[in-house]
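>>> return a 3D structure for these sequence lines:
(4 chains)
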2 protein chains.
Amino acid sequence: MGASGKSTEDRSARILRVAREIIRESGGFELSMRELAARGQVSLRTPYELFGSKVGIIRALLKEEQAIFQTRLWPIGDTDVFDFFFATLTVGVAFYAENQPFYRALFRATHAYSGGSETEPGRENPERFEAAMRRAYRAGMLDDDIDTRVLSETLMDIFAANVRTWASSTYDISYVEPRIGFGWAVILAGVAAEPHAMRLRDRAKRYQDQLLDFQAPAREVLSGSDA
Amino acid sequence: MGASGKSTEDRSARILRVAREIIRESGGFELSMRELAARGQVSLRTPYELFGSKVGIIRALLKEEQAIFQTRLWPIGDTDVFDFFFATLTVGVAFYAENQPFYRALFRATHAYSGGSETEPGRENPERFEAAMRRAYRAGMLDDDIDTRVLSETLMDIFAANVRTWASSTYDISYVEPRIGFGWAVILAGVAAEPHAMRLRDRAKRYQDQLLDFQAPAREVLSGSDA
DNA sequence: GTTCGGATGATAACTCGTTACCAACCCTGG
DNA sequence: CCAGGGTTGGTAACGAGTTATCATCCGAAC
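Residues are numbered from 1 along each chain as shown, chains lettered A, B, ... in the order given. Model (predicted):
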């Protein structure tokens, strides 16, 4: 039938392109499979054949984005390991901010059990993160008794919790980086050797000041009865 | 019509009781509104009249449970503030473990936008938590520059992230308490004054040992190529 | 060239949460 | 006692994701 008689790759690519359009148009609030099929000039069954489910489609979109994310992460120098973490944070939050519609759609489409750890924000590529942590450990920058894996998991927990809350649009994107940064800095300060611990505490205070600047105006508007 | 001609309280209680049964029977995996109405001998519209939505029903169930939770939290002495936090953690995780079906059902029924902060685990009663944090601050146990509110939020982020992951059944309940405890202890160690900081670091190591004990057998089974 | 199998289109169907509609009911005010 | 208004039952409907069904069509094997 004319335009629809193409190969599998064409149909996959077309479905992903149309899904991208619909998600962007709706801000991530809706992605109807019927609309997707209609605008993609395919049958309703075809997206399920190719991607399994609606979550599969969104995951495929995220996978494409994450390739871009990796290229953006590469140029970050890791001479100072702790600085590397926070530079990663800045790039990561910016990346998620750009893809807010996709993450909204992902969390919205993800029933509690259909999504494994791949749908958890920040868990796309934990290897490099843990590798940096191990390097800091070997360089004597961390407490000898600490396990780098457990520590990395804790940092990623904070990241995931905040990105998830933000994607549910409970609070503004501006809060995300300082909130995560504060948690990361305080945690690392708790296990870092001394010249680094003080720098991390300073960094935590800077993030905290950012957060308090956000909250201060709102409090004035509401009421000043919070002595 | 016989058994269904009762008062509003009877119908509310009956709906909640039947909902409780269905959720328990399915382990939290399903709660069909049609089945609820049928088994509750009530029209499909009535649960919506009384509770607004499916999430409203699950929230009502959780609210009943939280009354029990509070009675369990009261006897905890708070002579040592940091010990109070971790005692709260133990009681809280046990509480969530008992209510796993409800949290599964809650997360499953909650679209990303229908649930506010009340559906976030650990956010039911943040007042007492923050009050304890302020007490620690006034007692000089915390860094002078720290904001107790920001710090409390970070601790609750870790709590929420782990409970959410657990309720999605990605990992076992045994991991939850040590994972949260490790994060909390390291964070507090990062901002606590010195006699307390060391104790908190010890506590963090104890939690970490628990986690490593869990992981060690699994690694042996898989492969030992992780030098 | 024919035939067979897998993929696709088109459509209907199923379950879900939620809402709408209308008749029947109960409770209250007069 | 009766009228009215709010509440409930019963059912249908809407839109969602997902699956099933059947005809069709494309490509490869014989």
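>>> and the next element down the chain from the helix or strand that contains A:Leu106?
Using DSSP states H and E, A:Leu106 sits within helix A:100-109. For helix A:100-109, the succeeding helix or strand toward the C-terminus, using DSSP H and E, is helix A:126-138.
>>> helix or strand right after that following helix?
Next in sequence after helix A:126-138, counting helices and strands by DSSP H and E, comes helix A:148-167.
>>> and that next one, how far out from the chain middle?
Relative to its chain's centre, helix A:148-167 lies at 9 Å (CA atoms, centre = their mean, to the nearest Å).
>>> where does the residue nearest the centre of chain A fall, phi/psi-wise?
The centroid of chain A falls nearest to A:Pro121 when counting by CA atoms, centre = their mean (4.1 Å). Torsion angles at A:Pro121 (phi, psi; degrees, to the nearest 10) stand at phi -60, psi 140.
>>> which pLDDT value does the model give it?
Here, the pLDDT recorded for A:Pro121 equals 73.
>>> now it. Nearest residue, chain neighbours left out?
Leaving aside its sequence neighbours, A:Pro121 sits nearest to A:Val163 (CB to CB, 6 or more residues apart in numbering or on different chains; 3.8 Å). The C-beta positions use only the backbone N, C-alpha and C, and glycine is treated the same way.
>>> A:Ser169: neighbour count?
By other CB atoms under 10 Å in any protein chain shown, 15 other residues sit near A:Ser169.
>>> could you check which helix or strand contains whatever residue of chain A ends up closest to chain B?
Among residues of chain A, the one nearest chain B by CB to the nearest CB turns out to be A:Gly190. It sits 3.2 Å away. Using DSSP H and E, A:Gly190 maps to helix A:173-191.
>>> tell me the angle of that helix relative to helix A:100-109?
Relative orientation of helix A:173-191 and helix A:100-109, computed by axes from the mean of the first three to the mean of the last three CA atoms, to 10 degrees: 80 degrees.
>>> show me what helix A:173-191 is packed up against.
Judged by 3 or more CB pairs under 8 Å, 6 or more residues apart in numbering or on different chains; DSSP states H and E, the packing partners of helix A:173-191 are helix A:81-98, helix A:148-167, helix A:194-222, helix B:148-167, helix B:176-191, helix B:194-222.
>>> keeping just the C-alphas, turn it into CSV.
The C-alpha atoms that make up helix A:173-191 are tabulated as CSV, following Å, rounded to 0.1, in the frame of the first residue of the first chain:
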residue,chain,number,x,y,z
ILE,A,173,14.4,20.9,37.7
SER,A,174,16.5,23.6,39.5
TYR,A,175,16.3,21.7,42.7
VAL,A,176,17.6,18.5,41.3
GLU,A,177,21.3,19.2,40.9
PRO,A,178,21.9,20.8,44.3
ARG,A,179,19.8,18.2,46.1
ILE,A,180,21.8,15.4,44.6
GLY,A,181,25.0,17.3,45.0
PHE,A,182,24.4,18.0,48.6
GLY,A,183,23.7,14.3,49.3
TRP,A,184,26.7,13.2,47.4
ALA,A,185,29.0,15.7,49.0
VAL,A,186,27.9,14.9,52.5
ILE,A,187,28.2,11.2,51.9
LEU,A,188,31.7,11.5,50.4
ALA,A,189,32.7,13.8,53.2
GLY,A,190,31.8,11.0,55.6
VAL,A,191,34.2,8.5,54.1
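>>> tell me the spacing between the nearest residue to A:Gln210 once chain neighbours are set aside and A:Tyr207.
Of all residues not flanking A:Gln210 in the chain, A:Pro178 sits nearest, at 4.1 Å (CB to CB, 6+ apart). Between A:Pro178 and A:Tyr207 the distance is 4 Å, computed by CB to CB, to the nearest Å.
>>> ok, A:Ala19 next?
For A:Ala19, the distance to A:Tyr207 - CB to CB - is 36 Å.
>>> try A:Asn125
For A:Asn125 relative to A:Tyr207 (CB to CB), the value is 24 Å.
>>> these two: who's more crowded?
A:Tyr207 (22 against 12).
>>> give the burial count for A:Arg14, as a bare number.
With other CB under 10 Å as criterion, A:Arg14 counts 18.
>>> give me the pLDDT value at it.
Reported pLDDT for A:Arg14: 93.
>>> please apply the same query to A:Pro178.
pLDDT recorded at A:Pro178 is 97.
>>> tally up the residues packed near it, please.
By other CB under 10 Å, 24 other residues sit near A:Pro178.
>>> so what's it up against?
Residues near A:Pro178 by CB atoms under 8 Å, 6 or more residues apart in numbering or on different chains: A:Tyr207, A:Gln208, A:Gln210, A:Leu211.
>>> that older thread, A:Ser174: which of the helices and strands packed on helix A:173-191 is closest?
A:Ser174 sits nearest to helix A:194-222 of all the helices and strands packed on helix A:173-191, at 6.5 Å, using CB to CB.
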